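S.K.: Pasted the sequence and its predicted model underneath.
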Number of protein chains: 2
Amino acid sequence: MLPDACLLPERRRKSPPKDAVVTIEPLSTEFLREAIRLAVENVESGRGGPFGAVIVREGLIIARGTNQVTALRDPTAHAEVVAIRAACQVRHDFSLAGCEIYTSCEPCPLCLAAIYWAHLDRIHYAATCDQAAEAGFDDRVIYEELSKSKQERNLPMLQGLIAEAAAPFQAWRQSPNRIPY
Amino acid sequence: MLPDACLLPERRRKSPPKDAVVTIEPLSTEFLREAIRLAVENVESGRGGPFGAVIVREGLIIARGTNQVTALRDPTAHAEVVAIRAACQVRHDFSLAGCEIYTSCEPCPLCLAAIYWAHLDRIHYAATCDQAAEAGFDDRVIYEELSKSKQERNLPMLQGLIAEAAAPFQAWRQSPNRIPY
């Protein structure tokens, strides 16, 4: 299930008293607040973990995402990944260059790598990885594992069929159909 | 589009000449060969990049995946992610503990993080990141970016709404519906 897309966040309009000093919050704050709101709502509805994200292009929210790992039984359905996948459908493009992501929490390695592959321009986040870890989402362990060499990781990685390994890349180089991404 | 799942790879049966020395390839080699075959087939069909993966449990392939980034316009549809998502549907579970993944190429950071989140037991791979980079898939850059501090990354990361950032985690701690993953 993908989130509603293409909805503009409501701008909060205030009628300030005459001669008052008015602090106008930048639009980026509202996008980040929307990501936090989605995260809280996601927990309250019981659909998944406490994470929300929105993708913005030219000042408009083009897609929303919340953590759906348990609801969809998909360990990759993190808020940022769900939002990226939805935004790509809206854009009809596998690249989100020119877009920015607003997320309720600093991205885990899965989401950060997805953000790089999607070519997003910028990340806005509220909570830190440390806050996520305190709530039981310790993705710092995965960051540490990824930064290790293959031999040092806790997860065993075994190489095989080295002589046959190049075949897909040879096919790729020779393919007239290939689309770089 | 998810790949066919639950199909057993055909064991190659040979009738060796009497008294011949018979080299029996381990089953793991056949699973890896199937991942490579999927990768080559994926390129030849023009569906996506030169990557394939299978998920194995108790000696059986329970799901297959190929790179579908361009076909599905989904920058997260890497072979391992597609295979993980399919295997979770087969298992009706967001955890793949007890399963192993066989992939035609060493996982990129997105796929490696997905493998950690899916709690897979082991990774078997054929080609290396260096071979992928030579073919134009330089995920080493993303590995380097992920291992940097936030301030050092090329992708700008901006924090905001720090005072409001804890709300989703507070909701999570208080929620009777929460399912850890």
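M.R.: Thanks, I have the structure now.

S.K.: Nearest residue to the middle of chain A?
M.R.: Among the residues of chain A, the smallest C-alpha distance to the mean C-alpha position (C-alpha atoms, centre = their mean) belongs to residue A:80, namely 1.9 Å.

S.K.: tell me which strands and helices whichever strand or helix holds that one is in contact with?
M.R.: With elements taken from DSSP states H and E, the one containing residue A:80 is helix A:79-91. When contacts are defined as 3 or more C-beta pairs under 8 Å, 6 or more residues apart in numbering or on different chains; DSSP states H and E, helix A:79-91 packs onto helix A:27-44, strand A:52-57, strand A:60-66, strand A:100-105, helix A:109-117. C-betas here are computed from N, CA, C, even on glycine.

S.K.: Make JSON lines from these and add mean pLDDT to it.
M.R.: Below are the helices and strands packed on helix A:79-91 laid out as JSON lines (pLDDT from 0 to 100):
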{"stretch": "helix A:27-44", "mean pLDDT": "96"}
{"stretch": "strand A:52-57", "mean pLDDT": "98"}
{"stretch": "strand A:60-66", "mean pLDDT": "98"}
{"stretch": "strand A:100-105", "mean pLDDT": "98"}
{"stretch": "helix A:109-117", "mean pLDDT": "98"}
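
S.K.: okay, how far is it across stretch A:38-53, tip to tip?
M.R.: Its first and final residues considered, stretch A:38-53 spans 7 Å by C-alpha to C-alpha, to the nearest Å.

S.K.: Just the buried residues of that stretch, please?
M.R.: Across stretch A:38-53, burial judged by 16 or more other C-beta atoms under 10 Å in any protein chain shown covers A:38, A:39, A:40, A:42, A:43, A:47, A:48, A:49, A:50, A:51, A:52, A:53.

S.K.: which ones among the residues you listed come in contact with chain B?
M.R.: Of the entries in those, those that also sit close to chain B under the rule C-beta under 8 Å from any C-beta of the partner chain are A:39, A:40, A:42, A:43, A:49, A:50, A:51, A:52.

S.K.: Contacts only, for the fifth one.
M.R.: Meaning residue A:49. The neighbours of residue A:49, taking C-beta atoms under 8 Å, 6 or more residues apart in numbering or on different chains as the test, are A:42, A:43, A:67, A:69, A:70, A:78, A:79, A:137, B:172, B:181.

S.K.: likewise the third one?
M.R.: With contact taken as C-beta under 8 Å, 6+ apart, residue A:42 is in contact with A:48, A:49, A:50, A:51, A:52, A:66, A:67, A:79, B:168.

S.K.: The fifth one and residue B:172, how far apart?
M.R.: The one in question is residue A:52. To residue B:172, residue A:52 is 12 Å away according to C-beta to C-beta, to the nearest Å.

S.K.: how far off helix A:109-117 does the helix holding residue A:80 point, in degrees?
M.R.: Counting by axes from the mean of the first three to the mean of the last three C-alpha atoms, to 10 degrees, helix A:79-91 lies at 30 degrees to helix A:109-117.

S.K.: Which residues does helix A:79-91 contact?
M.R.: Counting contacts by C-beta under 8 Å, 6+ apart, the residues touching helix A:79-91 from outside are A:2-3, A:5-6, A:35, A:38-39, A:42, A:49, A:51-55, A:57, A:62-68, A:94, A:96, A:99, A:101, A:103-104, A:107, A:110-111, A:114-115, A:118, A:120, B:73-76.

S.K.: what's the answer for stretch A:92-102, then?
M.R.: If you take C-beta under 8 Å, 6+ apart as the criterion, stretch A:92-102 is touched by A:28, A:31-32, A:34-35, A:53-58, A:62, A:80, A:83-84, A:87-88, A:91, A:115, A:118-125, A:181, B:69-70, B:72-75.

S.K.: rerun that using 7 Å as the cut-off
M.R.: Under the criterion C-beta atoms under 7 Å, 6 or more residues apart in numbering or on different chains, residues A:31-32, A:35, A:53-57, A:80, A:83-84, A:87-88, A:115, A:118-124, A:181, B:69-70, B:73-75 lie in contact with stretch A:92-102.

S.K.: So which bits of it are buried?
M.R.: Going by neighbour count (16+ other C-beta under 10 Å), the buried part of stretch A:92-102 is A:93, A:94, A:95, A:96, A:99, A:100, A:101, A:102.

S.K.: same deal with stretch A:81-94?
M.R.: For stretch A:81-94, a neighbour-count test (16+ other C-beta under 10 Å) marks A:81-91, A:93-94 as buried.

S.K.: Need the nearest residue in space to residue A:159, chain neighbours excluded.
M.R.: residue B:125 (5.8 Å; C-beta to C-beta, 6 or more residues apart in numbering or on different chains).
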